[in-house]
Structure formats: C-alpha cells, structure tokens
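[1] Return a 3D structure for these sequence lines:
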Amino acid sequence: QVRLVESGGGLVQAGGSLGLSCAASGRTSSRYVMGWFRQAPGKEREFVAGISVTGGIRDYADSVKGRFTISRDNAKNTVYLQMNSLKPEDTAVYYCAAKTGGLVRLSDYDYWGRGTQVTVSS
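    Down below sits the predicted model:
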C-alpha cells in the first residue's frame, strides 16, 4: 500500500509559478511510476505529467509542455511538479498518482492522492 499526500497548491495570477509536491509513504514507494493528473470543474480528469522510476523518462501533456516540469527525489520519496507561466485554464484540482509500471501517461494508476487545488486568476 502506498499513501500519497499532495501539497503546494494555491492561488496565483496568470503568468506566475507554483510548485507542487507529492510525498509518498509505504512499501517501496520509490519504485513506482509517478504521475500528475488534474480535474477542472465539469471536466474529466486528464494526464498532466509522468515520470519513470529512475526519472529517465518524463512525459507531458501537450497543454503543459515547456511550462511544467516533473521531477522526483527517490531518497525523499517525493515527486514534484514545477508549474511556470500558469494560465487560467490550468485551474484544477491536481492529483498525484503511483503505479508499479506501464506507460506514464495512461491513467491505470493504482494509488491516488486526495488532490490539491490550483487556481490561476486572469
């Protein structure tokens, strides 16, 4: 079992930056593929970014490519999402997720956090 806790959300103006963190705890949590997803009001949850166990593979949704950066520190069992040049359309609840393998952008993750709200004002 892996427990995921997100932090770092908040309110920011368009063009600003925010950094999210996801602290993982539990059995061999550092061996999981990690991903960030988001869900805006009235919309389906969508893939944002994902990273492989070693960090060698990183994938991003087209909508955030060049603005967001995913990284991980396996020694701290933490995954990060640095979000720059934020836009109002980035407003959503952001979820951290973990799974044992597979493509990082597929939503077949086994464990999910409770989410953190990100609001970007225009």
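
[2] which residue is nearest the centroid of this protein?
    Nearest to the geometric centre of the chain sits residue 36, at 2.4 Å (C-alpha atoms, centre = their mean).

[3] May I have the residues that are in contact with the residue of the chain most remote from its centre?
    Taking C-alpha atoms, centre = their mean, the residue of the chain most remote from its mean C-alpha position is residue 122, at 22.5 Å. By C-beta atoms under 8 Å, 6 or more residues apart in numbering, residue 122 lies in contact with 14, 88. To be clear about C-beta, it is placed using only N, CA and C from the backbone, and glycine gets the same treatment.

[4] cool, residue 112 as well?
    4, 95, 96, 97.

[5] and with 10 Å instead?
    2, 4, 6, 35, 37, 45, 95, 96, 97, 98, 99 (C-beta atoms under 10 Å, 6 or more residues apart in numbering).

[6] quick one on the thing from earlier: might you report the residue contacts of the residue nearest to the centre of the chain?
    Here residue 36 is in contact with 6, 20, 22, 47-51, 60-61, 64, 68, 70, 79-81, 83, 94-97, 104, 113 (C-beta under 10 Å, 6+ apart).
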